[in-house]
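Engineer: Output the structure for:
(chains A, B, C and D)
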Protein chains: 2
Amino acid sequence: MSKNVATSPHASNGENSVKEACVRKAMEVIAEKGLEGLSLRAVARALGISHQAPYKHFPSRDHLLAEVTRRCLIDFAQALRTSGANDEGDALPPQQAMRKLGETYIRYALENPLAYRLMFSTPWPEAALELDLSRDARAAFDILVERISRLKPDTEGTTLRADALFIWTAIHGIAGAIESNAMQYLDFDAGEIEQALGHAMTLIDSAVFGAQQSETER
Amino acid sequence: MSKNVATSPHASNGENSVKEACVRKAMEVIAEKGLEGLSLRAVARALGISHQAPYKHFPSRDHLLAEVTRRCLIDFAQALRTSGANDEGDALPPQQAMRKLGETYIRYALENPLAYRLMFSTPWPEAALELDLSRDARAAFDILVERISRLKPDTEGTTLRADALFIWTAIHGIAGAIESNAMQYLDFDAGEIEQALGHAMTLIDSAVFGAQQSETER
DNA sequence: CTATTTGGTAGACGGCGTCAACTTGAAGTT
DNA sequence: AACTTCAAGTTGACGCCGTCTACCAAATAG
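Structural biologist: So this is what the prediction gives:
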């Protein structure tokens, strides 16, 4: 029976191993050729290793995919976390901070469509259960909850979470529409798109944070 | 040069052909084994024809997928269309009609997750360009616009479409969250889910249709 | 020094999408 | 009636893919 948890029996120094390289290369491949274009064999080929080598680190393609998803979730949470306190600390007016968070959210979706699709727009691979993907998703969600609670300090926890879920899903919806070119095929021209996006953000804002009417959008 | 548009040279009477059977079987397969579980060969096998027969009707797997998507869009539009005037005509109060449309929307997403994912949660196959998928998507969207315009008769067209897009995307987001079990892994229990969904619908409602405050949800 | 474990290799199997070549039979032309 | 055409169906092959099995080497544990 083995007592040590992990040893490094072969090449591959203790830090950045073939496993890391696989994950990174997988992200590249997904970025280039799309989610269904990812294949373990292609990753192995690009890394100059045999087509079976990745299997020593990931039991299946789905496990690799799940690991990539996990990285995306962590990265996404980090983006949200650093969105509020950017330059001079946390001094921005509350509504602006919220608006900024929303923009961060959408910008992230725009700049990382692959990550976005992996996290929120595709059924997680079953391997997600073995890794603890939901834990990382919760971490991102909790950032949102915490931000809202600062803007509505006197709100009950359940309502807070319901508000957060609304924002979470509403922005997912918007991001999904952007990613899938929905606005184009629904015949929105460029100006209309921008206007409609602003309108949507304003509606979300006012739905959750109430009264101040929104003539800023025009 | 052939003058007739279509003849029926082989078996297959003029109405329901192998093509139809392929589409239907494809929908079954997707329902059972998921989107990526669909293969032309499996469809052909289930239909008792050779693995190449479907290629006489669909240039590629993606074209079959696009055709399935088209059916889903048409069916979805029909569901929306029949949502308002169900029993006694169109006599329901406006807000209730809107609420009902929203529920139809979400119920549809719940009962046809495959259709839903095809239409709104996966990048359309490239074959979508050759068929006119966007036309059918627009038809569904226009139903929503038309419904809203009845509730806000004095609204400008652009704003109307922006409102509709907000509802469209917001509900897509909610449906996506339901479909991917987001609420479960975000630690919402059954009661909280129901409450949060109602909350979200109320927020959408009040964001678009304004004033009447929402104590109906508690 | 030997045994075990870990990370790597090569090969095979079946399933997939798709290209190519061949067959067949219904329709249109003369 | 004979001939041509051509859509619809067939079998076969090719090159990918995920994954199973078997083998191999080196580092560590005892």
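
Engineer: I'd say A:R45 and A:H51 touch.
Structural biologist: Yes. Using C-beta atoms under 8 Å, A:R45 is in contact with A:H51, at 7.3 Å. For every residue, glycine as well, the C-beta is placed using N, CA and C.

Engineer: just for chain A, where's the confidence low?
Structural biologist: Along chain A, segments meeting pLDDT under 70 span A:1-16, A:84-91, A:94, A:211-218.

Engineer: helix, strand or coil for the residue of it found nearest chain B?
Structural biologist: Nearest residue of chain A to chain B (C-beta to the nearest C-beta) works out as A:G173 at 2.9 Å. Look at A:G173: counting by DSSP: H, G, I helix; E, B strand; the rest coil, its state is helix.

Engineer: Next up, the contacts around the residue most central in space within chain A.
Structural biologist: Centroid-nearest residue in chain A: A:F76, 4.2 Å away (criterion: C-alpha atoms, centre = their mean). Neighbouring residues of A:F76 by C-beta atoms under 8 Å, 6 or more residues apart in numbering or on different chains: A:108, A:112, A:115, A:119, A:140.

Engineer: and what of A:I167?
Structural biologist: A:102, A:144, A:148, A:204, A:208.

Engineer: tally of neighbours for the last one?
Structural biologist: Think A:V208. As a burial measure, A:V208 scores 19 neighbours (other C-beta atoms under 10 Å in any protein chain shown).

Engineer: Same check on the first one?
Structural biologist: By the measure other C-beta under 10 Å, the count of residues near A:G102 is 20.

Engineer: Do I have it right that it meets A:A200?
Structural biologist: No. Contact between A:G102 and A:A200 fails when scored by C-beta under 8 Å: they sit 9.6 Å apart.

Engineer: Using a markdown table, lay out the contacts of A:F76 together with neighbour count.
Structural biologist: Formatted as a markdown table, those follow (neighbours: other C-beta atoms under 10 Å in any protein chain shown):
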| residue | neighbour count |
| --- | --- |
| A:Y108 | 20 |
| A:N112 | 18 |
| A:A115 | 22 |
| A:M119 | 23 |
| A:A140 | 20 |
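
Engineer: Out of these, which is nearest to B:V68?
Structural biologist: A:M119 (25.6 Å; C-beta to C-beta).

Engineer: The closest one and A:P153, how far apart?
Structural biologist: 30 Å (C-beta to C-beta, to the nearest Å).

Engineer: how far out from the middle of the chain is the helix or strand encompassing A:G198?
Structural biologist: Using DSSP states H and E, A:G198 sits within helix A:190-209. In terms of C-alpha atoms, centre = their mean, to the nearest Å, the centre of helix A:190-209 is set 21 Å apart from its chain centre.
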